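[1] Sequence first, then the predicted structure:
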Amino acid sequence: MNLLIDPWIPVLHQGRFQHVTLKDVLCQDADWQLCSFRDDMELAALQLVICLVQVIFPPDSHKEVRQRLATPMDEEEFSLRVSKYLDMFVLDHPKHPFMQTRGVKAKESTPMQKLFIGYDRSFFNDPDEISRACPACVAVALFNQASNCPSFGGGFKGSLRGSAPLTTLVYGESLRSTIWRNILSRNTGDQQSMSSLDGNNQPGWVDQIKSQEVIYPHKIGLLRGLFWQPAHVEVEWQNSKSQCQACNQVTHKLAIGFKKEKFKYEIQGIWLHPHSPREWKLAKGTREEKYASFTTTAPAWTQLNTFLTEREIGSAKAGQPAKAGYVPSAVVSQFRKVFFGEEINLIVGGYRVNQASVLQRRHEMFNLPAGWTENMDKVEELIALGLKVKDELRKKLFGFAKKVHVPGLPSQAEERFYQSSEPLIHKTLRTMKWQEGERIKADLLEQLSSLARQIFEEVTQSYRHDPKMIRAFALSRRSLNSALNKLSIS
Ligand SMILES: [Zn+2]
């Protein structure tokens, strides 16, 4: 299967699931929507399409990005531009198959399901729900495993962005418009690899990363970086007609497992991946940078400002360098400039992991109305407010939890607060009228405070009938009320 010619992009059109080609998606204006059996694989399919378009059709200017978005591509232009890459993206190429290495040495075959992260019952009920898969699903799974997931475990290297990077992209009304909203033009200055002239731009499966190689980020070209494969993987195929157990489509070629082999290399520094926000801090005068990830159960809204705007924080004195900061993904930064004055639908996706184990997959969309670029301080205030209410709920439960010997109560309350407040925060952001910021903030505080009081009542219910606890309960409740009232005055 050739990713530049054959149908592999999973879409839903008028209620019908089908695979379409890259040419279909770029050269037609159909209302296809991506569709997969799992939200993370759907996001991976989108990322894969975006990466292909980014390397094959990079626009020269911001103006060209807008033009591409407005008009479908000419079919002749498509064929001409892909012609030079035709041999590079073939899933079963005899010499250099897409994201794989020929001749992987492994004693045994790894079950297919391991390529679809969460195989260890995190996302599956059975260990062999996917024992055979079609080429379209395998292409997406290979890309997702290499780009977004923790490594295969012991001794295997993780993705170029770390073990479980978070991805932020901008959503559009159709698949074609979503793609172009996320394609960087060559004049986007903050993307080092876009302008890296001496970077190796061959994908790792054509020009293999050498074992023990020490690699400098500026030597990694955009194509090589976007399709980085940190492990040696080789898919095993069988020619027989059957149903793919991931997408349910009938296929004549089935992947029945794969071989994997670890190898070592070292990257000195951080490669600027255009799809992820980064965080940095000064440590002994050196800027240490890493990709944002989901490290706690806190929902994505708590970090939303860091996904949308660049900030430096913690400067001790005027004129002194900041101690930390965050930088949005290059695609979000470009969107701010090119589509200034438009609303944003931000896709945030990633996994929460503990080393090689996946604890949770997260996939969210935030909508902020037009004007968000000039009003980020208001978004930050709303986020801070939500966090303050959560902190008060936690703090006021802490003492009570100690008295009833249930130390887990504050965390339990926090979890409930996050769950119940999420739709409220999304709605507040979606319906935001920037000029009425103060009123909206007051409304949100009232609703979040009432939620905090309700959760406080719920989690303490089983303990407060004990006569010895009545006083402790009353004190904690009074203290919570007073803290929440203070928030509304400040
Ligand atoms: Zn499939």
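    Good, I have the coordinates.

[2] So Asp39 versus Val348, what's the distance?
    11 Å (C-beta to C-beta, to the nearest Å). (C-beta placed from N, C-alpha, C; glycine too.)

[3] quick one, strands of the stretch 301-450 of the chain?
    311-313, 324-327, 344-354, 357-368 (DSSP state E, counting those that start in this stretch).

[4] tell me what the last one is packed against?
    Based on contacts counted as 3 or more C-beta pairs under 8 Å, 6 or more residues apart in numbering; DSSP states H and E, the elements that strand 357-368 packs against are helix 39-56, strand 344-354, helix 409-430.

[5] Could you export those to CSV, including columns for mean neighbour count and distance to Trp32?
    Formatted as CSV, the helices and strands packed on strand 357-368 follow (neighbours: other C-beta atoms under 10 Å; distance: least, C-beta to C-beta, whole Å):
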stretch, mean neighbour count, distance to Trp32
helix 39-56, 22, 11
strand 344-354, 21, 17
helix 409-430, 17, 24
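
[6] circling back: is it possible to get a markdown table of the strands of the stretch 301-450 of the chain that adds distance to Thr428?
    Listed next are those as a markdown table, based on distance: least, C-beta to C-beta, whole Å:
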| stretch | distance to Thr428 |
| --- | --- |
| strand 311-313 | 21 |
| strand 324-327 | 22 |
| strand 344-354 | 15 |
| strand 357-368 | 10 |
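
[7] The ones you listed: which one's closest to the ion?
    The closest of those to the ion is strand 357-368. By C-beta to the ion, the value is 18.8 Å.

[8] Buried residues, that closest one. List them.
    Neighbour-count burial for strand 357-368, with 16 or more other C-beta atoms under 10 Å as criterion, is recorded at Val358, Arg361, Arg362, His363, Glu364, Phe366, Asn367, Leu368.

[9] could you point out which element follows the lowest-mean-pLDDT helix or strand in the chain?
    Lowest on mean pLDDT, DSSP states H and E among the helices and strands of the chain sits helix 192-195, with a mean of 52. Downstream of helix 192-195, the first helix or strand assigned by DSSP states H and E is strand 213-215.

[10] Neighbouring strands of that next one in the sheet, and parallel or not?
    strand 265-267 (parallel) (DSSP bridges).

[11] re the thing from before, residues shared between the contacts of Asp39 and Val348?
    Listed as contacting both Asp39 and Val348 by C-beta atoms under 8 Å, 6 or more residues apart in numbering are His363.

[12] which non-adjacent residue is nearest Ala298?
    Among residues not flanking Ala298 along the chain, Tyr418 sits closest, at 6.4 Å (C-beta to C-beta, 6 or more residues apart in numbering).

[13] I meant Ser174, not that one.
    Asp31 (5.6 Å).

[14] between the strands of the stretch 301-450 of the chain, which gets the lowest average pLDDT?
    Note on the strands of the stretch 301-450 of the chain: lowest mean pLDDT is at strand 311-313, with a mean of 88.

[15] Could you list every helix and strand that it packs against?
    Partner elements for strand 311-313 (3+ C-beta pairs under 8 Å, 6+ apart): strand 324-327.

[16] Take the strand it packs on, keep the C-alpha atoms, and write them as CSV.
    C-alpha atoms of strand 324-327 as CSV (Å, rounded to 0.1, in the frame of the first residue of the first chain):
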residue,chain,number,x,y,z
ALA,A,324,10.5,29.4,33.4
GLY,A,325,8.0,29.6,30.6
TYR,A,326,5.9,27.9,28.0
VAL,A,327,5.7,28.0,24.2
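
[17] Paired strands for it, with orientation please.
    By DSSP bridges, strand 324-327 pairs with strand 278-283 (antiparallel), strand 311-313 (antiparallel).

[18] Can you say which of the helices and strands packed on strand 357-368 is nearest to the ion?
    Of the helices and strands packed on strand 357-368, nearest to the ion by C-beta to the ion is helix 39-56, at 9.8 Å.
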